[in-house]
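Engineer: Here is my input; please provide its structure:
(chains A and B)
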There are 2 protein chains.
Amino acid sequence: MHSDLFLRACLRQPTPRTPVWMMRQAGRYLPAYRELRKKVDFLRLCTTPELASEATLQPVELLGVDAAIIFSDILVLPEAMGMELVIGDSGGGPRFPAPLRSEQDIGRLMQPDPMADLHFVMEALKITRRRLNGSVPLIGFSGSPWTLATYMIEGGRSTSFRFVKEILYNCPALAHKLLDKLANAVAVYLSAQIESGAQAVQIFDTWGGVLAPDDFRSFSLRYIEQVVAAIRAQGAPIIVFCRGCAHSTDLIAAAGCQVVGLDWTVDIGGARKLVGDRVALQGNLDPAILYSSPARIRGEVKSILEKFGKGAGHIFNLGHGIHPDTPVEHAREFVQAVQEESVRYH
Amino acid sequence: MHSDLFLRACLRQPTPRTPVWMMRQAGRYLPAYRELRKKVDFLRLCTTPELASEATLQPVELLGVDAAIIFSDILVLPEAMGMELVIGDSGGGPRFPAPLRSEQDIGRLMQPDPMADLHFVMEALKITRRRLNGSVPLIGFSGSPWTLATYMIEGGRSTSFRFVKEILYNCPALAHKLLDKLANAVAVYLSAQIESGAQAVQIFDTWGGVLAPDDFRSFSLRYIEQVVAAIRAQGAPIIVFCRGCAHSTDLIAAAGCQVVGLDWTVDIGGARKLVGDRVALQGNLDPAILYSSPARIRGEVKSILEKFGKGAGHIFNLGHGIHPDTPVEHAREFVQAVQEESVRYH
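Structural biologist: Residues are numbered from 1 along each chain as shown, chains lettered A, B, ... in the order given. Next up is the predicted model:
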């Protein structure tokens, strides 16, 4: 059954082929998504359950991916904790005009009540589950505590991570206080998503890779483990994706999650040897390969399938979110190539 | 002898302490550099030997680093190959208004004659050697063929590397043609720098880490090896720094260079075990640690010294260029901490 593939692969159970979805699959590369965005801005799309659900379903209907991931943004959680979130006119993504810079700022953060403060996410999940009607599973998600902290302290995207690292290195106790608060918030948020219909959840640690390995373990992985421990009993498979953290693949695999996401700089065959049968692996095509030709895309898909090898426990994905300027036919070719070429490995 | 430390460490010969310098040490974090930049723009500073030499000497005089690195920019080489290079008004660094996008564009690139086309670099090296007068060694540098190719094809900084990857994946033969041309150009450029007074050279592969490991080997490391093979006989130690390429540390160590540079996401103790006595290691403090307190900076320096352990073959450096907004006293504390704390490891 099509609907089964993704969840079975998360648990390393046999499947007739490898399931596939794409990070950021509901997004700007899809003409249908761009149509939707003509009507409403990005935040409005996130906070309007009917529309968020529509965006979520687009890649399922148009590309035939094997899982849906709820359309949302990781920064709606800090907003629910009391931070003002705005979309700048000049692009550059959402940002916080009043970033956290002091103990007082951090003290003022509220523990969110997701069912109330993030009601729109829960509603979008419920509507989407109903609309999917068992065709493919629905994934919920959150940023990791560390990744959320970087945005909350920097105020937006950063390249130097000056302010968050200043707090981390100068006031580690304060950093731990914030990260613990965030771990609790992420746990209740993901827990509510599972209750509202998410059949698996992914924790995105987009910025774990900007830390030295020891700091990654102390300030990021430790709090991911705290989240995993808090929600694990609910039974939904948990995917942990830490970008640029190949130095700690074995430790991530021991964090209690069912699936480890890999970026494209990791050899998936080597990673499989390393983690053994502890976890399933998700990934890991360079999203830039979708700029190339259909033949080349298929070739690269085959190469990753060959590296992973035969047997269960692989969820095909990109190694990072799909680029907004990707030709949609190339995304379709990617999905089809996985669905066709993977049969021989099962 | 102070002047000896860096070159001896490159060759893994015993030294009384660990030498230290910083990538981008001649730069905006120094008030004296900002004074210099009030008079001339960035490109003018690069192309005026007297001023480039002045910028080169500033960190030696003000911070007491154990090596000088010539003040320049990696993009002067593509300019010498015929590409127009401009500094945008809105910041964002130098860029090429007419990037390479076709076989014709690539065919038009000229092999540079560094002694003529990059005379200003050679002159700056000669003046600086004279002024240094044996106090500390002088390092020359170039971008790697792959890293240069990314700027030449993208036209400037990129996050998706769309155009360069499109050529790489769709027209690999054309990509190889360009990279071969660039490897030849880099080799004659570094060779001329050594003839003009550079006592060691560093190859910066800033963007090697955006490639999957196999592609890194085919499109970046292979051409670094070509450069190394061409200049090795001249006897100046060669440092290869590939950012985000921990997956290939052992292969970089086998590239024929004397020193492998490490970014801060690598455990230097683990890297030393991996490379054994084949090469010296350079690195690898997170430059963001210089935002923290002097006490913390010293603590992190001690931690890296401890990880490397006793014995020869370590050149202390940051794991990436110093951030422009680093407090200058913190940079000074970093240099002093290495110079003081490392004695016990020798």
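Engineer: so which strand or helix has the most centrally placed residue in chain A?
Structural biologist: Central residue check for chain A by Cα atoms, centre = their mean: the C-alpha nearest the mean position is that of A:Phe204, 4.3 Å away. When secondary structure is defined using DSSP states H and E, the element that contains A:Phe204 is strand A:200-205.
Engineer: Help me confirm that the residue nearest to the centre of chain A comes into contact with A:Phe141.
Structural biologist: Yes. Counting by Cβ atoms under 8 Å, A:Phe204 touches A:Phe141, with 6.2 Å between them. To be clear about C-beta, it is placed using only N, CA and C from the backbone, and glycine gets the same treatment.
Engineer: Overlap in contacts, the two.
Structural biologist: A:Ile74 (Cβ atoms under 8 Å, 6 or more residues apart in numbering or on different chains).
Engineer: who are the neighbours in contact with A:Ser293?
Structural biologist: Contacts of A:Ser293 (Cβ under 8 Å, 6+ apart): B:169-170.
Engineer: Okay, buried residues for stretch A:94-111 please.
Structural biologist: Under the neighbour-count criterion of 16 or more other Cβ atoms under 10 Å in any protein chain shown, stretch A:94-111 has A:94-96, A:99-100, A:105-106, A:109 buried.
Engineer: Next, the distance between the ends of it.
Structural biologist: Using Cα to Cα, to the nearest Å, one end of stretch A:94-111 lies 21 Å from the other.
Engineer: residues in contact with A:Val136?
Structural biologist: Residues touching A:Val136, when contacts are defined by Cβ under 8 Å, 6+ apart, comprise A:2-3, A:6, A:60, A:65-68.
Engineer: Give me the distance between it and chain B.
Structural biologist: Separation of A:Val136 from chain B (Cβ to the nearest Cβ, to the nearest Å) stands at 28 Å.
Engineer: which SSE is that residue in?
Structural biologist: Assigned by DSSP H and E, A:Val136 falls outside every helix and strand.
Engineer: swap in the one 5 residues further on?
Structural biologist: Per DSSP H and E: A:Phe141 is located in strand A:138-143.
Engineer: and that strand, how far from the chain's centre?
Structural biologist: The gap between where strand A:138-143 is centred and where its chain is centred comes out at 6 Å by Cα atoms, centre = their mean, to the nearest Å.
Engineer: Run through who's touching it.
Structural biologist: Among residues not part of strand A:138-143, those counted as contacts by Cβ under 8 Å, 6+ apart are A:21, A:56, A:67-70, A:72, A:74-75, A:77, A:121, A:125, A:128-129, A:132, A:148, A:151, A:186, A:189-190, A:193-194, A:196-206, A:227, A:239.
Engineer: which helices and strands sit right next to whichever helix or strand comes after that strand?
Structural biologist: Past strand A:138-143, further along toward the C-terminus, the next helix or strand under DSSP H and E is helix A:145-154. Using 3 or more Cβ pairs under 8 Å, 6 or more residues apart in numbering or on different chains; DSSP states H and E, the elements in contact with helix A:145-154 are helix A:76-80, helix A:162-170, helix A:172-195, strand A:200-205, helix A:222-231.
Engineer: Let me know which of these is tucked in deepest.
Structural biologist: strand A:200-205 (a mean of 24; mean count of other Cβ atoms under 10 Å in any protein chain shown).
Engineer: can I get the CA coordinates of that strand in CSV?
Structural biologist: As requested, C-alpha coordinates have been extracted for strand A:200-205 and formatted as CSV (Å, rounded to 0.1, in the frame of the first residue of the first chain):
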residue,chain,number,x,y,z
ALA,A,200,5.7,11.3,12.2
VAL,A,201,7.7,14.4,13.2
GLN,A,202,10.9,15.9,12.0
ILE,A,203,13.3,18.1,14.1
PHE,A,204,15.2,20.5,11.9
ASP,A,205,18.6,21.5,13.3
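Engineer: between it and helix A:145-154, what angle do the directions make?
Structural biologist: Taking axes from the mean of the first three to the mean of the last three Cα atoms, to 10 degrees, strand A:200-205 and helix A:145-154 form an angle of 50 degrees between their directions.
Engineer: Walk me through which strands strand A:200-205 pairs with, and which way each runs.
Structural biologist: strand A:138-143 (parallel), strand A:238-242 (parallel) (DSSP bridges).
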